[in-house]
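S.K.: Need the 3D shape of this:
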Amino acid sequence: GVRACQPQALPEGLQRKMLFPHLAFRNVKVLTNWGPEPIKALPFTCRMLGTAADADAVKAKAPEGKDGKYEVVLPVGFPDEGTFEWLDSFLEKNPEY
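M.R.: Numbers count the residues shown, from 1 in each chain. I've put the predicted structure just below:
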């Protein structure tokens, strides 16, 4: 609920492109909120991802899970130990991901 820094302008090369928000932390617990309302009142105004205008977001229909169950793959690897090569190989064999 506390702003860490002032807003930063997007570089020109990223404007009008689809962005994929992601977080990278170590030894902490992170809670993400993709809903329409903030979990806690903020001292500034911003739109939540859940209320993004259709023109500002790309929506994709989630595939139905097998037997009503979904599968999540969380690759874990060490830097410079072949993680990207493994991911490329995995995606070639499993294009549905």
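S.K.: how many other residues sit next to Tyr97?
M.R.: By the criterion of other Cβ atoms under 10 Å, Tyr97 has 9 neighbours. C-betas here are computed from N, CA, C, even on glycine.
S.K.: Distance check, it against Ala24.
M.R.: 20 Å (Cβ to Cβ, to the nearest Å).
S.K.: got it, and Arg16?
M.R.: From Arg16 to Ala24 the distance is 25 Å (Cβ to Cβ).
S.K.: now do Val76
M.R.: For Val76, the distance to Ala24 - Cβ to Cβ - is 13 Å.
S.K.: Trp86 versus Val76, what's the distance?
M.R.: Distance from Val76 to Trp86, by Cβ to Cβ: 10 Å.
S.K.: What is the neighbour count of the closest residue to Gly65 other than its chain neighbours?
M.R.: Once flanking residues are discounted, Gly65 sits nearest to Glu71: 7.1 Å by Cβ to Cβ, 6 or more residues apart in numbering. When neighbours are counted by other Cβ under 10 Å, Glu71 registers 8.
S.K.: Run a quick check on Glu71 versus Asn94, I expect a contact.
M.R.: No. Counting by Cβ atoms under 8 Å, Asn94 is not a contact partner of Glu71; they are 10.4 Å apart.
S.K.: where in this protein is pLDDT low?
M.R.: 1, 23 (pLDDT under 70).
S.K.: Okay, helices next: where are they in it?
M.R.: Along the chain, the segments classed as helices by DSSP state H run 83-93.
S.K.: Quick check: the residue sitting furthest away from the middle of the chain vs Pro95, distance?
M.R.: Relative to the centre of the chain, and counting by Cα atoms, centre = their mean, the farthest-placed residue is Asp67 at 25.9 Å. Between Asp67 and Pro95 the computed distance is 21 Å (Cβ to Cβ).
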